[in-house]
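Visitor: I need the structure of the sequence given here:
(one chain, ligands or ions: 2)
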Amino acid sequence: MQEWWKKATVYQIYPRSFNDSNGDGVGDLQGIIEKLDYLKGLGIDLIWLSPIYDSPNDDNGYDIRDYYSINPEFGTMEDFDQLLDEVHKRGMKLMMDLVVNHTSDEHQWFKDHEDYYIWREKPNNWQSIFGGSAWEYNQEKGKYYLHLFSKKQPDLNWENPELRQRIYDMMHWWLQKGVDGFRMDVINFISKHPGLPDGPNGDGSTYFMNGPRIHEFLREMNDEVLSHYNCVTVGEMPGTTPEDAQIYTNPYNREVNMIFTFEHMDLDHGPEEKWDYKPLNLTDLKENLEKWQHALYDIGWNSLYWNNHDQPRVVSRFGNDTNYRYESATMLATCLHFLQGTPYIYQGEEIGMTNVKFPTINEYKDIETLNMFEEKKKKGTSESDLLDQVHYVSRDNARTPIQWTAKKQASFTTGTPWIKLNPNFTHINVESDLNNKQSIYSYYKHLISLRKEVDLITTGKFRLIHREHSNLFAYKREEEGRTLTVYCNFSDQTIVVNDDPKGDVLIQNYEDLVSNELIKLRPYESIVYKH
Ligand code: TEU
Ligand code: CA
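Guide: Ligands and ions are numbered 1, 2, ... in the order given. Modelled structure (predicted):
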C-alpha cells in the first residue's frame, strides 16, 4: 500500500535525551542503535528523529549550521548510515526533521547570501516566539534581519527561487540516502505576507502563518522532490484550523500527508500565552478532537499526539501522575490511539514519564523557558510564581533523559547528563516496566498491535457519544455494521452510564469488569468494546 503511514505507529526520538553511548552526558546515534530492538519490541513502524545536524545548539539543533553533516556530539555520518541501515534491517523506517523556515546564523548561507534571508531597514513590531523583538540589527550591513525564533535562527526568504532550489537539493540528498520522510518544522511559517505589516500588540502571526504562497511552495516541493519517493511527510503547523488542514492534507493537492495541529494543546492555557495555564475542560477537548476527526474523514489525514519535545508530559497534564499514574497514562493512550489518524509516541511516554519540578531556574536549559523567566522577572513577576509556571509548562519537562533503569543516572549515561534526570527514575523506568506483567509499556505494546489487527481503528468513522458528560470521553468508530466503542474516564470519580455494553472487550486498563449490565468506570478507567 502506498499509504503505508496510515497504519503506522510513530515514535519520536529527541536524541540529546535518549541514550548516551560514550559517557559525555549527551545522547547520541550509537545510543539509539543500542535501543532499536527495544523500539521494535514495542511495535514501532516509523521513527521520527529530532535534528541531528551540525548546530551551535542555541535551540538544541533546531538551529542548523550545516544540513549535510552530523553534529559531532551525536556522532559521524558513518554512525548515521549505520543507524539508517539498522532501522531498515528491523523493518522500521526513519523520518528526519526538516528545519527550513530558518537556519542558524552560523550557517554559511547567512554569511554569503544576504538574499536568502529577510532584511529590512526598519523593523516592524513583531515579537519573537521566544521573547523580545523578532528583528536583530546587523552592524556590518546596517540593517535588521527577521528571526521568528531566537536571534540565532534567522528566517529564510522563501520568495527567492534559488534558495528554494538549494533546499530541494538538500532534501533529495537525504532521500537518496534512503531516509523515509520528513517532519517539517513550522513549515506553515515559510510564506510571509510581502509587506510584513505590523500586527496587533506585536503579534505578526496572521502575516506569517499559512501565508499567501504557502500552498504554492508546498506543491512545488512535492513536485520537485517528494513525489519522486515513497516517503511520508508531516507538517508541523501551529495556528492551523481543520479547514486549513483539509487543504494541506488532501492528497489531490499534493502538499503533505498530515499535519500537527496545536488546537488541542492550546486548551489548557489562556488566550494570550502558553505560560498562563489553567485546568483542562474536558468538553473543550472532546469538541476539538471531534471537529478534527470529522473535518479530515475521507478528505485528508490526522496525526494524533499528546506529547512531543515542546510539550509538558501528558500524564502530568491531562492525567494524574501521583495516585493514578498507570490508570491515567493508559486511559490517555487508549483515548488517542483509537481515533482516526497516525499516532505519535514521544520517548518516555510509553512508560508514563512525568513532568519534573527542578527547585531553581538554574537547572533549566531551554532557551524559551530561560528567556521567558528573565523577561517576566524584569516586569516584576515573583520567582516563585514563575517557577510554578515553569513546572507546568516548560519544554524541559519533556527533555529530561529517558529513565532506562533504577541504577545510577538511570543508565542514560555513565557521565553527567546535560540536563538533570527526573529523580523519580528510581521507580519509573523502562526496566521495571519490562519486568512487570502490568505496565504502561505493555499496554502501549498491546495498543500498537491492535492497530495492526483491527482495520476499523484505521478506517472507522468517528462518532462522539455522551457529549454533555464533563468527565467521560466516549466515542464510536463505525463501518459497515461493525463498531468499536471507546469509554475513557478522565477523572478520579466513578462514572456510571446507562449503556448496554455490546460485544467483547477489546482492551481495558483494569483487570476485570465491574459490571456486565451497564458501564461503570473506576478512576481513569478505559474500556473498548468491539462488535
Ligand atoms: O516548534 C514550533 C513552535 O512554534 C512551538 O511548538 C514552540 O516550540 C513552542 O511551543 C513555543 O511556545 C518547532 C520545534 O518543535 C521547536 O522545538 C523549535 O524550538 C521551533 O520550532 C523552532 O525551530
Ligand atoms: Ca554521547
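
Visitor: In contact with the closest residue to Asp504 other than its chain neighbours, which residues?
Guide: The shortest distance from Asp504 to any non-neighbouring residue, by C-beta to C-beta, 6 or more residues apart in numbering, is to Lys530 (5.8 Å). Where C-beta positions appear, they are placed from N, C-alpha and C, glycine not excepted. Residues near Lys530 by C-beta atoms under 8 Å, 6 or more residues apart in numbering: Val454, Leu456, Arg482, Thr483, Leu484, Gly503, Asp504, Leu506.

Visitor: where exactly do the strands run in the stretch 1-150 of the chain?
Guide: Using DSSP state E, counting those that start in this stretch, the strands of the stretch 1-150 of the chain run over 10-13, 46-49, 53-54, 66-70, 93-98, 119-120, 135-138, 143-146.

Visitor: okay if I get those strands as TSV plus mean neighbour count and mean pLDDT?
Guide: Formatted as TSV, these follow (neighbours: other C-beta atoms under 10 Å; pLDDT from 0 to 100):
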stretch	mean neighbour count	mean pLDDT
strand 10-13	24	99
strand 46-49	22	98
strand 53-54	22	98
strand 66-70	17	98
strand 93-98	23	98
strand 119-120	14	98
strand 135-138	17	98
strand 143-146	20	98
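
Visitor: Tell me the spacing between the residue nearest to Asp504 and ligand 1.
Guide: 36 Å (C-beta to the nearest ligand atom, to the nearest Å).

Visitor: Could you check stretch 524-531 and say which residues are buried?
Guide: Neighbour-count burial for stretch 524-531, counted by 16 or more other C-beta atoms under 10 Å, picks out Tyr524, Glu525, Ser526, Ile527, Val528, Tyr529, Lys530.

Visitor: now it: how far from the chain's centre is it?
Guide: Distance of stretch 524-531 from the chain centroid (C-alpha atoms, centre = their mean, to the nearest Å) equals 26 Å.

Visitor: Give the rounded mean pLDDT of it.
Guide: For stretch 524-531, the mean per-residue pLDDT is 96.

Visitor: repeat for stretch 167-186
Guide: Stretch 167-186 carries an average pLDDT of 98.

Visitor: and whichever residue of the stretch 1-150 of the chain sits closest to ligand 1, how many residues sit next to it?
Guide: Nearest to ligand 1, among the residues of the stretch 1-150 of the chain, is Tyr62, at 3.4 Å (C-beta to the nearest ligand atom). Using other C-beta atoms under 10 Å, Tyr62 has 24 neighbouring residues.

Visitor: thinking it is in contact with Leu148, fair?
Guide: No: the criterion here is C-beta atoms under 8 Å, and Tyr62 misses it with Leu148 at 11.7 Å.

Visitor: Cross the buried residues of stretch 524-531 against strands and list the overlap.
Guide: Ser526, Ile527, Val528, Tyr529, Lys530 (DSSP state E).

Visitor: ok, those residues vs Ala329, which is closest?
Guide: Taking C-beta to C-beta as the measure, Ser526 is the one of those closest to Ala329, at 10.6 Å.

Visitor: how about the closest one, what does it touch?
Guide: Ser526 is in contact with Thr330, Met331, Thr334, Cys335, Val486, Tyr487, Cys488, Asn489, Gln508, Asn509, counting by C-beta under 8 Å, 6+ apart.

Visitor: Run through the bridge partners of the residue nearest to Asp504.
Guide: Judged by DSSP bridges, the bridge partners of Lys530 are Leu484, Asp504.

Visitor: Distance-wise, check Leu339 relative to Asp223.
Guide: 31 Å (C-beta to C-beta, to the nearest Å).

Visitor: Over to Ile495?
Guide: Distance from Ile495 to Asp223, by C-beta to C-beta: 51 Å.

Visitor: The two: which is more packed in?
Guide: A count of neighbours by other C-beta under 10 Å puts Ile495 above the other of Ile495 and Asp223, at 20 against 12.

Visitor: Okay, domains of this protein per the record?
Guide: Using automatic domain parsing, the domain ranges for the chain come out as 4-103+161-449, 460-530.

Visitor: Highest mean neighbour count out of those?
Guide: Of all the domains of the chain, domain 4-103+161-449 has the most neighbours on average by mean count of other C-beta atoms under 10 Å, namely a mean of 19.

Visitor: Spit out the contact partners of the residue in the stretch 301-450 of the chain that ligand 2 sits nearest to.
Guide: Per C-beta to the ion, Thr413 is where the stretch 301-450 of the chain lies closest to ligand 2, at 7.2 Å. Residues near Thr413 by C-beta under 8 Å, 6+ apart: Asp20, Gly23, Asp24, Gly25, Val26, Pro401.

Visitor: tell me which element it falls in.
Guide: Assessed by DSSP states H and E, Thr413 sits outside every helix and strand.

Visitor: what do you get for the one 5 residues further on?
Guide: No secondary structure element spans Trp418, as it lies outside all helices and strands (assigned by DSSP H and E).

Visitor: Pretty sure it sits against Tyr14.
Guide: No: in this structure, Trp418 is not within contact of Tyr14 by C-beta under 8 Å, at 11.6 Å.

Visitor: what sits in contact with each of these two?
Guide: When C-beta under 8 Å, 6+ apart defines a contact, no residue borders Trp418 and Tyr14 alike.

Visitor: which stretches of the protein aren't confidently modelled?
Guide: Scanning the chain for pLDDT under 70 picks out the ranges 1-2.

Visitor: please redo it, this time with the cut-off set to 90
Guide: For the chain, the stretches flagged by pLDDT under 90 are 1-2, 270-273, 437, 498, 500-503, 512-519.
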